[in-house]
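# Sharing a model that was predicted from the sequence below.
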Amino acid sequence: MPKPQKHVFVCVQNRPQGHPRPACSHKAAPEVAEEFFWQLQQRQLFDKVQVSTTSCLGPCSEGPSVLVYPEGIMYAGVGKDDVAEIFDQHLQNDQPVERLLVSKEFWG
C-alpha cells in the first residue's frame, strides 16, 4: 500500500443518552463517514487519500468533526452533502473549505 498524501479522520463517537457531552454520532456522523468511504471508492484515490473513523476529536458541540492530516485542518458541522466539496477542494486541490473550518476558539 502506498503512503497516502492525506489522512482523513471522521469522528463517529457515540455516547449514551443523557451524557453531559454531545456526540458526533448523534449528528449523523456515521452517514458522513460512509460518504467519505464512498467518495474515496468512486474517485479511486486509494494511493493519495486514506479515510479512518475515530472516536472523539474534541469539538463535540460542533460535530460531526473531520480532521485532515498532514495539515491538521479540522472541519466542524460536516454533513454528508459537504464531503464531495472536501474531496474536490481540499483533498484533491489543497484548498481547505473555509466555511467548514472549526471555530478559531477551538485551536485557540
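Structure received.

# correct me, but Gln50 touches Lys6?
Yes: Gln50 is within contact range of Lys6, at 7.4 Å (criterion: Cβ atoms under 8 Å). Every residue, glycine included, has its C-beta placed from N, CA and C.

# can you give me phi and psi for Val32?
Per-residue torsions, Val32: phi -60, psi -50 (degrees, to the nearest 10).

# Revised request: answer the last question for Arg21.
For Arg21, the backbone dihedrals are phi -110, psi 140 (criterion: degrees, to the nearest 10).

# which residues touch the residue nearest to it when sequence neighbours are not counted?
Nearest non-adjacent residue to Arg21, counting by Cβ to Cβ, 6 or more residues apart in numbering: Cys60, 5.1 Å away. Under the criterion of Cβ atoms under 8 Å, 6 or more residues apart in numbering, the contact partners of Cys60 comprise Gln13, Arg21, Pro22, Ala23, Cys24.

# Just the buried subset of the residues you listed, please.
Of the members of the contacts of Cys60, the ones counted as buried by neighbours, 16 or more other Cβ atoms under 10 Å, are Gln13, Ala23, Cys24.

# any idea of the pLDDT on the first one?
The confidence metric pLDDT takes the value 90 at Gln13.

# any idea how far the residue lying closest to Glu85 once chain neighbours are set aside is from Gly79?
Leaving out its chain neighbours, the residue that sits closest to Glu85 by Cβ to Cβ, 6+ apart is Val97, at 5.6 Å. Counting by Cβ to Cβ, to the nearest Å, the separation of Val97 from Gly79 is 12 Å.

# shared neighbours, the two?
Residues touching both Val97 and Gly79 (Cβ under 8 Å, 6+ apart): none.

# Thanks a lot, catch you later.
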